[in-house]
Structure formats: structure tokens, C-alpha cells
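Undergrad: Give me the fold of what follows.
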Amino acid sequence: MSHIVIIGCGVVGAMIAYELSLIPGLNVTVLDKQPPAQGSTAAALGVLMGIISHKTKGRAWQMRSHSIERYTTLIPELEALNRRTIPHNQQGILKLCPVGEDLAKWEQLAATRSQQGWQLEIWDGAKLQASCPQINCQNIPTAIYSPQDIQVDPVALTLALVDAAKSRGVTFDFDVPALQYDLTTTNLHHAVKSVQGKSVDWLVVAAGLGSLQSLPNLQIPPLLDLRPVLGQAIHVRLPNCLGNQDFQPVITGNDVHIVPCLTTRPVTEYWIGATVEFPLESGIVVPEAEKLEEVRQSAIAFCPALATATIIKTWSGLRPRPEARPAPIIELLEGFSNVLLATGHYRNGVLLAPATAQKIIKLLETG
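TA: Got it, this is the predicted structure:
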């Protein structure tokens, strides 16, 4: 029985563990220095922008389409296994297009998606106003509606993956203060001898920004350069829902998201986010209140009712962004034949977690 150890129990690590648990004959262990769903997973709004993205071919689109397809079966599968619901929103994503937006590219994308078996709708101002009366349509004559993209609570999803994987025999060890590996490059087929004193055949590093720290005493290849990018968001409450209480999609425009809170019914709470703040030369990222206020004002411009919302809390978190290469990094660690990387997902960790798990499985199968 092959022993696979996964480092990191955010949504990516938990997804890999669960998908591996469906394969007979594997012994899977997940280690993390903190409880599950911390770090980048806790710093996500769970908006899965797959079909509405402009990716149409290559790895970027293949991973998105595979993940969206898997989510349609995964969520009910986990709910049945765990006998509890996973908060998620199946009312789609609505992209607001300001005056001057190039609609030709959206028409082309809608045609491409139709050929691929997906749906995108182009709404005029009348349709937008009728469906979402909370939107200020004065400078937004058009919107793109993606009914098959979803929103999911990333923490609840991760905890559900952990519980389901546990039920299928996966071992989880949290609050591990230090990870000690017996690593050698002299025998590439067994580069990892042990983790926590246990014999290991494969090591999968899915620790996000902690991935480098979880590989002690190794010469890290230049291509594994992960930088923190900070995102801030605001949690607000209104006396009533925005617009039609029976139609509460994620609303996005100019990279600002208005995201329904999935724990209130009817929806009266929303997340507004998120900023994109890069580190200083020192590598430190400091939240800037001015940038968060800019996001809030942009959201108010879209939905004027948000001006009267009560701020419940503000929040910030870091996402791992690869430097000088596309995200994410899913490959063998340079110099090893049994250490796999599944990290650097930047802002798409929740979206791409299912496809990442499948890519890791293929790498394990091919060796």
C-alpha cells in the first residue's frame, strides 16, 4: 500500500486527500501546523469564476471547466456522506459592463461557451433593471450573466472534505509544530524516506504560502518563488436584501465583488471585496485602509443601498502568487521524483481545487 503524505490542509490539500480516498490501496496522511481551512482558504470569498472567465483553451480553461463539472457532483456527494449541507449559491455570477465596454468580446465568448456546452447570457439595461433593481444602471447599460458559475463557502467546503476523507480512512494530524523529513537526492525514486517517523512513498506539498517553509534544508528551485498578495474585504448588514430576495447572484464589476453571505436567510448580509495589494520590496504586505474604502465606494456606485449598510467587520488575508510564471504550480519538485507541488493558486484556489487534485492523481499514476 502506497503511503502518500500531504502537507497543508487548506481547500487544495483537503480536496487532494478526499479524491485520493476514493482510490483503493492508498494510505493517505495529511499534516498541517494549524487547524484546517486556515491561511489562504480562510482568505477567500468562494466565488468560482470559471465559465465567465475569458480563458477558452489550454491548461487555464481545462482546469476551470473540469472543476466546475466536478463541483456539480462533489457538493451533493459530500452532503450525502456527511449528512449536512454545504452553504453554496447556485444563482450564478452577474458581471456589470460599464459604458464603453467591448461587447464584441463577450458575444464571442458566449458563442464559444455555447459550443463548449456552457451558457452565458448578455443582458440589456431593461433585463438588468428588472432582474436586479438594486443596480444603478445609469452607467451600466449591459451585463453578462453566468448561471452555471457558483459561489461556495470555502471553509465549510474544506471541513466537509476533511470529514468525508476521514470517513474513508485518511489520517489527519493538525497542530504539528515542526515537520521533519528525511530527504535525500541520491535515490530519486525514494527521495522522501520518512515524515514524522513514518515511511513515505510520495510527498504532496499543498501548503500555499507555507510550502517553502515546509521544505526545510532544501535548495528551493527558482521557479518556486511564491509571493504574498493581500486581499481585504468588508462584511456588511442591511435591513433588507438587495433587490429580489429570490435572485441573489454574485455581482461583480471592475474587479469588485458583492457576495451574498450564505449563512443568512433571507440574505441581508454581504461581503464586499476584495483588494489586491502587493508586497513592498521588503516582502511585507500591510493592509491599506484607503484601498478598502475604494472598493466599498465602487460597490456603492453599483448598488447605492450599500451606503447605508452597517459594517460588521473588515477582514484581510494573504494569497500565494507565483513570481514570473503562471498560477498554479502543479508539478514535481525539481531534483525529486516523488515530491509533488500543488501550490501558488493565487486567487483561484477554491475554483481550481478539483482540477488540481486530478492533476496530482495523474502525476502519481505516471510516477
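Undergrad: Quick one: classify the closest residue to Pro279 other than its chain neighbours as helix, strand or coil.
TA: Distance criterion CB to CB, 6 or more residues apart in numbering; nearest residue to Pro279, sequence neighbours excluded, is Val285 at 4.5 Å. C-beta here means a position set from N, CA and C on the backbone, and glycine is covered the same way. Put simply, Val285 is coil when judged by DSSP: H, G, I helix; E, B strand; the rest coil.
Undergrad: For Gly46, give me phi and psi.
TA: When read as degrees, to the nearest 10, the backbone of Gly46 gives phi 80, psi 30.
Undergrad: Where does pLDDT dip in the stretch 151-300 of the chain?
TA: The stretch 151-300 of the chain contains residues with pLDDT under 70 at 176-197, 216-219.
Undergrad: What segments of it are strands?
TA: 151-152, 171-173, 181-183, 192-195, 198-199, 202-205, 226-237, 250-253, 256-260, 269-273 (DSSP state E, counting those that start in this stretch).
Undergrad: is it possible to export the ones you listed to a markdown table including distance to Glu365 and mean neighbour count?
TA: What follows is the strands of the stretch 151-300 of the chain, written out as a markdown table (distance: least, CB to CB, whole Å; neighbours: other CB atoms under 10 Å):
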| stretch | distance to Glu365 | mean neighbour count |
| --- | --- | --- |
| strand 151-152 | 28 | 26 |
| strand 171-173 | 22 | 16 |
| strand 181-183 | 23 | 17 |
| strand 192-195 | 18 | 17 |
| strand 198-199 | 20 | 13 |
| strand 202-205 | 11 | 24 |
| strand 226-237 | 26 | 20 |
| strand 250-253 | 36 | 23 |
| strand 256-260 | 37 | 23 |
| strand 269-273 | 38 | 25 |
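Undergrad: would you turn those into TSV with distance to Ala309?
TA: What follows is the strands of the stretch 151-300 of the chain, written out as TSV (distance: least, CB to CB, whole Å):
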stretch	distance to Ala309
strand 151-152	19
strand 171-173	38
strand 181-183	48
strand 192-195	47
strand 198-199	50
strand 202-205	40
strand 226-237	4
strand 250-253	14
strand 256-260	10
strand 269-273	7
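Undergrad: Among the ones you listed, which comes closest to Ile75?
TA: strand 151-152 (7.1 Å; CB to CB).
Undergrad: which residues make contact with that closest one from outside it?
TA: 45-48, 71, 75, 86-89, 93, 250, 259-260, 262, 350 (CB atoms under 8 Å, 6 or more residues apart in numbering).
Undergrad: In helices only, show me those residues.
TA: Members of those lying in helices (criterion: DSSP state H): 71, 75, 350.
Undergrad: Most neighbours out of the residues you listed, which is it?
TA: Val350 (27 neighbours; other CB atoms under 10 Å).
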